[in-house]
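A.B. asks: here's my sequence, what's the structure:
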Amino acid sequence: IRLGAAFMVVPGFGEAFIPPRVRLGIALAVSLLVLPFAADQIPVEPATPIELLLLMLGEIVIGLVMGGVLRLLLSSLHVAGTIIAQQSGLAAAQFFDPAQMTQGAITSTFLTLMGLTMIFVTDMHHLFIEGTFATYRLFPIGQVPDFGNISILITDFVQSSFKLGFQMSAPFLVFGITFYIGIGLINRLMPQVQIFFVAMPLQIVLSFAILAITIGASMMWFINYYEEALMRFLGE
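C.D. replies: This next block holds a predicted model:
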């Protein structure tokens, strides 16, 4: 149950375009690998349906928290892409984002898909599977989750997600402010120049140049944050 809940929402495995049966099948396969390590933690059969329900709810909460916090980190790419689109004149270029299952800026879709690719290229999905093993050491089966610590953990990851998104888009914020101040001054000094027809193409070209320069560092920054999140579940 814990692994099923985690695999339903974790980035890479829990995407909406992956059929639920496939996701649950992967979770079942990993569960068979985890079973020998968690067999000694399996509690006695609950005496009442209420106890069984509480046990299942606890496992679902732990699984959703593990997968959900990683999903929050992935959303930082969506935040960064949206800000980049607004500062580069591409906000109107909407594209379907398969990770968010909604329309989004083309840059946010690009960054999200690149982030998912980097997760698999850098074997972060292996670290996630290893983390599922560690959760049975950190949160034994049948133990009531500490909802206070869970709420603090979720709040911390929400903050980290928005912080990471703004940090990744910081060069574009600086560029946007500088660019708009520059075209404003040009418009005041030379009113006869049709600045709009010059500014839009120039803004897009310069934004793509900045994206080409910063994309490598931004993705490595994201992967480092993602790895740190997984290490917290590994207890390291």
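
A.B. asks: what sits opposite Q94 in the beta ladder?
C.D. replies: A105 (DSSP bridges).

A.B. asks: what about it, how many residues nearby?
C.D. replies: 15 (other C-beta atoms under 10 Å). Bear in mind the C-beta positions are built from the backbone N, C-alpha and C, glycine included.

A.B. asks: then P140?
C.D. replies: Neighbours of P140 (other C-beta under 10 Å): 13.

A.B. asks: next, the buried residues of stretch 108-124.
C.D. replies: By 16 or more other C-beta atoms under 10 Å, the buried positions in stretch 108-124 come out as S108, T109, F110, L111, T112, M114, G115, L116, M118, I119, M124.

A.B. asks: and which of those is nearest to R232?
C.D. replies: M124 (13.7 Å; C-beta to C-beta).

A.B. asks: let's have the buried residues of stretch 108-124 in a markdown table, adding secondary structure, pLDDT and distance to F133.
C.D. replies: Shown next, in a markdown table, are the buried residues of stretch 108-124 (DSSP: H, G, I helix; E, B strand; the rest coil; pLDDT from 0 to 100; distance: C-beta to C-beta, whole Å):
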| residue | secondary structure | pLDDT | distance to F133 |
| --- | --- | --- | --- |
| S108 | helix | 87 | 33 |
| T109 | helix | 86 | 33 |
| F110 | helix | 89 | 33 |
| L111 | helix | 90 | 30 |
| T112 | helix | 88 | 28 |
| M114 | helix | 90 | 28 |
| G115 | helix | 89 | 24 |
| L116 | helix | 88 | 23 |
| M118 | helix | 90 | 23 |
| I119 | helix | 88 | 18 |
| M124 | helix | 86 | 15 |
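
A.B. asks: all helices of this structure, in order?
C.D. replies: Using DSSP state H, the helices assigned to the chain run over residues 2-9, 20-38, 49-88, 106-121, 124-138, 147-168, 170-189, 195-234.

A.B. asks: nearest to F96, of these?
C.D. replies: helix 106-121 (7.2 Å).

A.B. asks: output the contacting helices and strands for that closest one.
C.D. replies: Contact here means 3 or more C-beta pairs under 8 Å, 6 or more residues apart in numbering; DSSP states H and E; on that basis helix 106-121 packs against helix 49-88, strand 94-97, helix 195-234.

A.B. asks: need the contact partners of the second one.
C.D. replies: Counting contacts by C-beta atoms under 8 Å, 6 or more residues apart in numbering, the residues outside strand 94-97 that touch it are H78, T102, Q103, G104, A105, I106, S108, T109, T112.

A.B. asks: in this structure, which residue is most central in space?
C.D. replies: L74 (1.1 Å; C-alpha atoms, centre = their mean).

A.B. asks: excluding chain neighbours, what is closest to it?
C.D. replies: P11 (4.5 Å; C-beta to C-beta, 6 or more residues apart in numbering).

A.B. asks: what sits against that neighbour?
C.D. replies: Per C-beta under 8 Å, 6+ apart, neighbours of P11: L70, R71, L73, L74, A99, G115, L116, I119.

A.B. asks: check what pLDDT the fifth one gets.
C.D. replies: Per-residue confidence (pLDDT) for A99: 65.

A.B. asks: need the contacts of strand 94-97 in CSV (columns: distance to A170).
C.D. replies: Formatted as CSV, the contacts of strand 94-97 follow (distance: C-beta to C-beta, whole Å):
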residue, distance to A170
H78, 16
T102, 25
Q103, 25
G104, 20
A105, 17
I106, 20
S108, 16
T109, 20
T112, 19
